[in-house]
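Undergrad: Output the structure for:
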Amino acid sequence: MKQSKHKNFATELRIIEQLESFKQHKVTLEACPGEAYLTKSKKEYQLSFEGIFPYSEDKKIKILINGEPFTIKSTDFQKPTRSRLAEIPAQHTFDIDGVNKGNLNNSSFFRMFFFDDSKRTNIFHYKLEKPKHDGIIPWAFDCVRLAVMKKSYDITQNRNGENSYFIIENLDAVTLEEFEEDSYAIQKGIGFLIGYMPGGENYIFSGENFIYQRLARNSLKSIFHPVTSNPYSKLFKEKEKEIADNYYGKLKVIPAPVISELINQLRQNMDFSVAIIFLMEVASLKSIVSMPGVFSVILESFANIIIIKQNKQEKLINDKDLVAKIIYEMNTLIDKHAPKINPEAEIKIRRRINEINKPVNLNRLTNAEKLRAPFDQLKIKLTAEEEKALDYRNYLLHGNILMNNELERTSEEIDNHMLHVSAKLYTLISKLILKSCGYEGYVINYSKFYQKNSINSKEDYFEYI
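TA: This next block holds a predicted model:
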C-alpha cells in the first residue's frame with residue numbers, strides 16, 4: 001500500500017513570516033559604516049540608513065541580515081545627479097523593490113508564494129477539478145494540477161495560522177525564466193476561473209534561497225466566475241430550492257485538461273492574455289457604468305482571436321426548391337401589401353427577397369456577423385436575449401452609454417438594465433473562452449441571477465454549451 005504524502009511549505013513559510021515581521025530590524029550594509037534598519041510595512045520593505053550611503057549604478061546593495069548575505073534592489077539606490085550631496089552624512093529612507101537571497105538561476109524547481117487576500121476558503125472547490133491523492137506526488141486538499149507547455153504545475157491555497165497563501169510550484173524541471181512566464185499565465189487563467197487573481201507581491205523560493213518582488217498589478221477580485229458544480233451556492237433562497245434540486249448532479253467542475261488548455265493559450269497568445277487581464281480588471285471595479293462598454297470591446301477581442309478563418313462562401317439554404325418556395329411566398333405577401341408601400345421601396349424589397357439565399361462570403365463579414373461567427377463555429381446556440389445583448393454593441397459604439405432605446409427609465413431601472421447587460425455579456429465571454437478550450441457543460445447565466453422586476457427573463461439559471 002502506497003504511503004500518503006502531503007505538501008509541506010513549512011520552511012518557506014517560516015522564512016516569509018520572519019521577514020514580514022521586521023520592524024526596524026537592524027541590518028548591516030556591506031563595507032559601509034552607519035546604522036541601517038529594515039522594515040516591512042503592508043506591501044513594502046523600507047530601508048532606513050544614517051550615514052554616507054553607498055549608492056550603486058546597478059541599483060543593488062549587499063546587506064547582512066542576522067549574519068546572512070542578502071541583496072536588496074531599489075530605483076532609489078542610483079547615485080543622485082548632484083554627486084557631492086551623496087558624500088554628505090544624512091538620514092535616508094528607501095522603498096525596496098526586491099530582496100534576494102542566494103542565486104536561483106541554476107535551479108530547476110521553484111515555489112511562488114502570494115499573499116491571499118481573497119477572504120475565501122476552499123476557493124477551488126465546486127469550480128475546478130482537483131488531483132487525486134495518489135501517494136506519489138505530494139498532495140493538498142485545496143490544490144489544482146495542470147500542464148503548461150507540457151510541464152506539470154500545482155497551484156495550492158494554503159492556510160498557515162491567520163495567514164493564507166496561493167502557491168504555484170512546478171513538478172517538472174524548468175528554468176527560472178520559464179517558471180515566471182508559466183506562473184504568470186497560471187495567475188491569469190486561474191484568476192478568471194475562480195474570480196480571484198493573486199498579485200501585489202510574491203516570493204519565489206528554491207530551497208531556502210528566494211527572490212522577493214513587488215508587482216505592478218495588485219490582486220484582482222471579480223464579481224464573476226464562470227462555473228460552479230453547486231447549484232445551491234447560487235440558488236439558496238427557500239423558493240429557489242426546487243430549481244436548485246433540478247440542477248443537482250448536472251453541474252460539473254471544469255476539468256483539468258480544459259484548465260490547462262486555457263493557460264496554454266494565455267501563455268502563447270499575447271492578445272488573449274491582455275484581454276483576460278482587461279476582463280478581470282473591469283470586473284474587479286464593479287462599475288455598472290463601465291462594464292457594458294468594456295465587456296463589449298472584450299467580447300469583440302475574443303471573437304477576433306477565436307474566430308476560425310475560412311476561405312469559402314456559404315449558402316444559407318442548400319435546397320433550391322425550398323428557396324424558390326420561400327421567395328414565392330414572400331413576394332405573395334408583398335403583393336398583398338403593395339398598395340400601402342411606396343413603389344420604389346417595393347422594388348428594393350423584392351430585389352432583397354430574390355437575393356435572400358445569396359452566398360455569405362466568410363472573409364467579408366460585417367462587424368455584427370464577425371461577432372457572431374465564433375459562436376456559430378463553436379456550435380454555441382445564442383438565445384434571443386443573447387442576440388439582443390450583442391446588438392447593444394452598436395448602442396455603445398455610437399455613444400449611447402446608457403443603452404436607451406427611446407424608453408423612459410428611472411435611474412434605478414437604468415442601473416438594473418446596465419447590470420443585466422453586463423452580466424449577459426460576461427456569460428457570452430465565458431461561453432466563448434471555455435468552449436474554445438474544449439469545455440462541455442453548464443455555465444452560470446449571471447443575467448438571470450441579476451434580473452429585477454423590470455426585467456422579465458425566461459432564460460435558465462445555468463446554460464449548457
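Undergrad: contacts, neighbours, all on C-alpha from now
TA: Will do.
Undergrad: Relative to residue 298, how far out is residue 442?
TA: 22 Å (C-alpha to C-alpha, to the nearest Å).
Undergrad: And residue 357, by the same measure?
TA: Distance from residue 357 to residue 298, by C-alpha to C-alpha: 32 Å.
Undergrad: With residue 122 instead?
TA: In terms of C-alpha to C-alpha, residue 122 sits 29 Å off from residue 298.
Undergrad: The helix or strand harbouring residue 243: which residues count as buried?
TA: Element membership for residue 243 (DSSP states H and E) is helix 241-247. The neighbour-count check on helix 241-247 (16 or more other C-alpha atoms under 10 Å) flags 244, 247 as buried.
Undergrad: now do stretch 262-272
TA: Of the residues in stretch 262-272, those buried (16+ other C-alpha under 10 Å) are 262, 263, 264, 265, 266, 267, 272.
Undergrad: Run through who's touching that stretch.
TA: 148-149, 181-182, 185-186, 188-189, 273, 302, 305, 433-434, 437 (C-alpha atoms under 8 Å, 6 or more residues apart in numbering).
Undergrad: before we move on, the earlier item: run through who's touching the helix holding residue 243.
TA: 231, 232, 235, 236.
Undergrad: go with 10 Å
TA: 229-237, 248, 442, 460-462 (C-alpha atoms under 10 Å, 6 or more residues apart in numbering).
Undergrad: Any buried residues in stretch 458-465, and which?
TA: In stretch 458-465, counting by 16+ other C-alpha under 10 Å, buried: 461, 462, 465.
Undergrad: Next: stretch 357-376.
TA: So, applying 16+ other C-alpha under 10 Å, buried residues of stretch 357-376: 357, 362, 370, 371, 372, 373, 374, 375.
Undergrad: could you point out the longest strand in the protein?
TA: strand 151-160 (DSSP state E).
Undergrad: What strands flank the next helix or strand along the chain from it, and is each parallel or antiparallel?
TA: The element immediately downstream of strand 151-160 (helix or strand, assigned by DSSP H and E) is strand 163-170. Strand 163-170 has its sheet partners listed here by DSSP bridges as strand 111-115 (antiparallel), strand 151-160 (antiparallel).
Undergrad: Output the last one as CSV, nothing but the C-alphas.
TA: Listed in CSV are the C-alpha atoms of strand 151-160, where the atom choice follows Å, rounded to 0.1, in the frame of the first residue of the first chain:
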residue,chain,number,x,y,z
LYS,A,151,5.2,20.7,-17.8
SER,A,152,3.2,19.8,-14.7
TYR,A,153,2.3,22.5,-12.2
ASP,A,154,0.3,22.7,-8.9
ILE,A,155,-1.4,25.7,-7.5
THR,A,156,-2.4,25.4,-3.9
GLN,A,157,-4.4,27.6,-1.5
ASN,A,158,-2.7,27.1,1.9
ARG,A,159,-3.7,28.3,5.3
ASN,A,160,-1.0,28.9,7.9
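Undergrad: Could you chop this protein up by domain?
TA: 19-100, 102-269+277-284, 287-309+366-464, 316-358 (automatic domain parsing).
Undergrad: what about the helices in this structure?
TA: Secondary structure of the chain (DSSP state H): helices located at 10-20, 176-194, 241-247, 256-268, 270-285, 290-306, 320-337, 343-354, 367-377, 384-397, 411-436, 446-449.
Undergrad: now those in TSV, with mean pLDDT and distance to residue 205?
TA: Below are the helices of the chain laid out as TSV (pLDDT from 0 to 100; distance: least, C-alpha to C-alpha, whole Å):
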stretch	mean pLDDT	distance to residue 205
helix 10-20	96	7
helix 176-194	97	10
helix 241-247	95	43
helix 256-268	97	22
helix 270-285	94	25
helix 290-306	88	35
helix 320-337	90	67
helix 343-354	88	67
helix 367-377	84	42
helix 384-397	78	46
helix 411-436	90	32
helix 446-449	91	39
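Undergrad: For residue 43, which residues are in contact?
TA: Contacts of residue 43 by C-alpha under 10 Å, 6+ apart are 20, 115, 200, 201, 202, 214, 215.
Undergrad: can you redo the helices of the chain as a markdown table with distance to residue 43?
TA: Below are the helices of the chain laid out as a markdown table (distance: least, C-alpha to C-alpha, whole Å):
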| stretch | distance to residue 43 |
| --- | --- |
| helix 10-20 | 9 |
| helix 176-194 | 19 |
| helix 241-247 | 42 |
| helix 256-268 | 27 |
| helix 270-285 | 20 |
| helix 290-306 | 29 |
| helix 320-337 | 67 |
| helix 343-354 | 64 |
| helix 367-377 | 42 |
| helix 384-397 | 38 |
| helix 411-436 | 32 |
| helix 446-449 | 34 |
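Undergrad: So for residue 94, which of the ones you listed sits nearest?
TA: Residue 94 lies closest to helix 10-20 among these, at 16.9 Å (C-alpha to C-alpha).
Undergrad: Distance from the chain centre to that closest one, please.
TA: Mean-position distance between helix 10-20 and its chain equals 29 Å (C-alpha atoms, centre = their mean, to the nearest Å).
Undergrad: I'd like the domains of the chain as TSV, with distance to residue 10 appended.
TA: TSV is the format used below for those (distance: least, C-alpha to C-alpha, whole Å):
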stretch	distance to residue 10
domain 19-100	14
domain 102-269+277-284	9
domain 287-309+366-464	36
domain 316-358	63
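Undergrad: and stretch 247-258, how far apart are its ends?
TA: Note: stretch 247-258 ends 22 Å apart using C-alpha to C-alpha.
Undergrad: Ok, stretch 164-180 next?
TA: End-to-end for stretch 164-180, by C-alpha to C-alpha: 21 Å.
Undergrad: Which residues belonging to that stretch are considered buried?
TA: 164, 165, 166, 167, 168, 169, 170, 171, 174, 176, 179, 180.
Undergrad: Contact partners for the most centrally placed residue in the chain?
TA: Nearest residue to the geometric centre of the chain (C-alpha atoms, centre = their mean): residue 192, 3.1 Å. Residue 192 makes contact with 186, 220-222, 224-226, 262, 276-277, 279-280, 283, 430 under the criterion C-alpha under 10 Å, 6+ apart.
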